[in-house]
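A.B. asks: Model the following, please.
(chains A and B)
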Amino acid sequence: MYARRSVVDKFAVFSYIPTMKRRSAITHIAAGVAGISLLPGCLPEQLPVLKHFVIERKDYKFLQQFSQLLLPVPEDYPLPESQENFVLGMVDTCFDAKDISKFHNGLLGLSEYFKTNHNKPIKRFAEEERQEVLTTLASSELDKPLSDTVAQIRSLLIRQFQTSQRYQLDHLEFEFAPGYYETCADVS
Amino acid sequence: MPNTHTYEAIVIGAGMTGSFAAKELCDRGVKTLLLERGRNVEHLKDYPTTHLQPWEFANRGNIPSEVAEKNPVISRCYAFREDAMHFFVKDQDHPYVQDKPFDWIRGYQVGGKSIMWARQVQRWSDYDFEGPDRDGFAVDWPIRYKDLEPWYTYVEKFIGVSGEYDGIPQLPDGAFQKSWGLNCVEQYFKEEMSQHYKDRHVIYGRCAHTTEMTELIKKQGRVLCQSRNICQRGCPFGGYFNANSSLIPWAMKTGNLTLQPHAVVHSIIFDTEKSKAVGVQVIDANTKETTEYFADLIFLNAAALNSNLILLNSTSERFPNGLGNDNGLLGKYVAFHNYRGKINAIYEGHLDKRTKGRRPTSGYIPRFRNVFRQETDFLRGYASGFGAGRNRKIETKDLLGQGLIDGLLQTDEFGPWRVNSHMMGETIPKASNMVSLDPNQKDEWGIPLLKINLDYDENDEKMTQDFFEQFTEMYEKAGFSDIKIRDTKQAPGLDIHEMGGVRMGKDPKTSLLNKWNQLYACPNVFVTDGASMTSTSTQNPSLTFMAMTCRAVDYAMEQKNKLEL
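C.D. replies: As a prediction, the model looks like this:
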């Protein structure tokens, strides 16, 4: 957006510049726009390519923030993929057509619900608002299609977290090899 | 120019028994062609998931739904998961006709199902071999335990079997390496059962895993099982027995083995003038070209139902109904194991104890019904597994946000012990339980589709009920609670223990194979896989298949040397 606006602003001034200087100006502006577009922070986040449904950017962003709301994974528990990409990947790959459709509709419904009831991104919620929302989500206030989708997302996020490396190693005593078996260990 | 189409022996099928036959033949200096319809799977090189950690699986173990939809049969198999699905056939590539529902689980590659098998091994006893004769439900076996005993030992020493010496007459002890042991609740259940019953034994599940570095194991290039319990992926340590880590490389080293994957055997060629089988007709799996290979000695080890198919398809003027099928019994008396009964419960004791780590086996309860005499209103009986474990008590119900994270990170507590058993029931072979060739439909190699007509009967229903009753009683006596029984109602086949159709017997009028697994009507053909079984008993059958294979090869070579073959 920034790159586009700077071009528009420059064109407003542009019409008053004599012709020969305009060509030079065009060249410099084009170079400037190209240069800005190479800055990583300015690139739009890549949406995952899904086989069975299309997700719009606004809903992807919603899922990203919604996932972090449902399960705020600590930074020192790195995940192999982002939460939203894991959820979408699992739905796209492992759900059947009917369940994909239900999920997608549920996600759109949740996105709309949040827009209607809060009208701001989740990441801008105050702590009190976050807790209020979580209480609503945990209750049976939501319509079933939406609460089912919440439960599905929650379940997938838990699966991702519990299969992550640090969780497996630190909390489930996972050792890849050499394995061992103690038949009767003390619980403590 | 050497004739590359003529060998001294041909083995059809590079699974567990075929690879063992090839190894035994090669050890004896026999130039052997080992044919496998599927691709090659080389030990180490072709185990793509063996080193993957849980977080490295994109679907965390799940099968993609598209795969499941296209493979409805194979998807029902417990081992068909993200880490091992590449070792199973695609349903659509290998169709068959289900006259009655049958889940035919197959793995077409060098190594066959020995890559994904559950590695449980138990010997038969004379209570098993004598069963058909005593109870009158099938022809008498032409062999007894004493005929197979030395071969059981031979095989166990080669493959490496972890077990304990239990001294149970209906489940003979073997040549065992050390065990991981029963865990405390399995041990508790064992002790409880010994107090309440004199004939119900809870033992350590004998399994084909190396727990000691014997010279023979070292010679195979295998090392100790690392107890990772992800065996179905293939094991880089050779810690469990599969054909790929042991038999194939061993046979290769002799210089006598020619391994040919992608070779679909159409039929065995019978020469009417010579009055013997002379070779096999093979269709290249990829190019569909036909080639004939010749040998004086043929071992058929294509796995039970495929061995039936090949024989049925091996027609000639002499054998219009299939090779060796003078009595019309080929394809009949197929049986399987009844795995329908499941039971699970909770145990609130031993709460100060748990297990740590992994173990590739669990407890086992040998058959106790109708062993020494007929006692019930159903014939034969069932063995059972017994497992006990505790999961961490992670409380997350209704939690979201930081509360959910906090709940997930509380992993110090453990829930109750959960125990479970599943039945492994003997089914009665019947003429009506059979396979045959479809007269109209063929596969992409032009081979008639196999029609499978197998079903449970009243004996199986009664046996399943008895399992529920007996195990409920046993669980109650042990103080287990919240006991839940479940009849899976699964179709035959998911047990992956189909057997018969080319049964052994004493009389060529009522059986197809003699006591050496030779076709009566074509003695230079041996069938030593599950197709040869006259009855199924309750044991996991692979050990018996392998023992019969080694015995048959030994006999075949003895006869060959005497120019009898």
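A.B. asks: All the strands of the stretch 1-150 of chain B, residue numbers only.
C.D. replies: B:9-12, B:32-35, B:97-98 (DSSP state E, counting those that start in this stretch).
A.B. asks: just so I know, which of the ones you listed lies nearest chain A?
C.D. replies: Nearest of the strands of the stretch 1-150 of chain B to chain A, taken as C-beta to the nearest C-beta: strand B:97-98 at 22.9 Å. Placement of C-beta: from N, CA and C, glycine included.
A.B. asks: tell me what that closest one is packed against?
C.D. replies: strand B:448-453 (3 or more C-beta pairs under 8 Å, 6 or more residues apart in numbering or on different chains; DSSP states H and E).
A.B. asks: Show me what the strand it packs on is packed against.
C.D. replies: Counting contacts by 3+ C-beta pairs under 8 Å, 6+ apart, strand B:448-453 is packed against strand B:97-98, helix B:304-313, strand B:434-442.
A.B. asks: Nearest to chain A: which residue in chain B?
C.D. replies: Of all residues in chain B, residue B:227 sits closest to chain A, with a separation of 3.4 Å (C-beta to the nearest C-beta).
A.B. asks: Looking at chain A, which residue is nearest chain B?
C.D. replies: residue A:179 (3.4 Å).
A.B. asks: And that residue, how far from residue B:239?
C.D. replies: According to C-beta to C-beta, to the nearest Å, residue A:179 and residue B:239 sit 9 Å apart.
A.B. asks: Kindly point out which residues are neighbours of both of those two.
C.D. replies: B:226, B:228 (C-beta atoms under 8 Å, 6 or more residues apart in numbering or on different chains).
A.B. asks: can you pull out the strands in chain A?
C.D. replies: Taking DSSP state E to define them, one finds strands in chain A at A:181-186.
A.B. asks: quick one: low-confidence ranges for the stretch 451-565 of chain B?
C.D. replies: B:563-565 (pLDDT under 70).
A.B. asks: likewise the stretch 1-150 of chain B?
C.D. replies: Counting by pLDDT under 70, the stretch 1-150 of chain B has low-confidence residues at B:1-3.
A.B. asks: Setting aside sequence neighbours, what's the nearest residue to residue A:92?
C.D. replies: Using C-beta to C-beta, 6 or more residues apart in numbering or on different chains and skipping the chain neighbours, the partner closest in space to residue A:92 is residue A:50 (4.4 Å).
A.B. asks: swap in residue B:505?
C.D. replies: residue B:511 (2.4 Å).
A.B. asks: do residue B:379 as well
C.D. replies: Counting by C-beta to C-beta, 6+ apart, residue B:379 lies nearest to residue B:135, which is 5.2 Å off, once chain neighbours are set aside.
A.B. asks: got the phi/psi numbers for residue B:324?
C.D. replies: With angles defined as degrees, to the nearest 10, residue B:324 sits at phi 80, psi 0.
A.B. asks: How about the contacts made by it?
C.D. replies: B:311, B:330, B:502, B:512, B:519-522, B:525.
A.B. asks: Can you add distance to chain A and secondary structure and give the residues you listed back as a markdown table?
C.D. replies: Output for the contacts of residue B:324, formatted as a markdown table (distance: C-beta to the nearest C-beta, whole Å; DSSP: H, G, I helix; E, B strand; the rest coil):
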| residue | distance to chain A | secondary structure |
| --- | --- | --- |
| B:311 | 40 | helix |
| B:330 | 41 | coil |
| B:502 | 40 | coil |
| B:512 | 44 | coil |
| B:519 | 45 | strand |
| B:520 | 48 | coil |
| B:521 | 50 | coil |
| B:522 | 48 | strand |
| B:525 | 43 | strand |
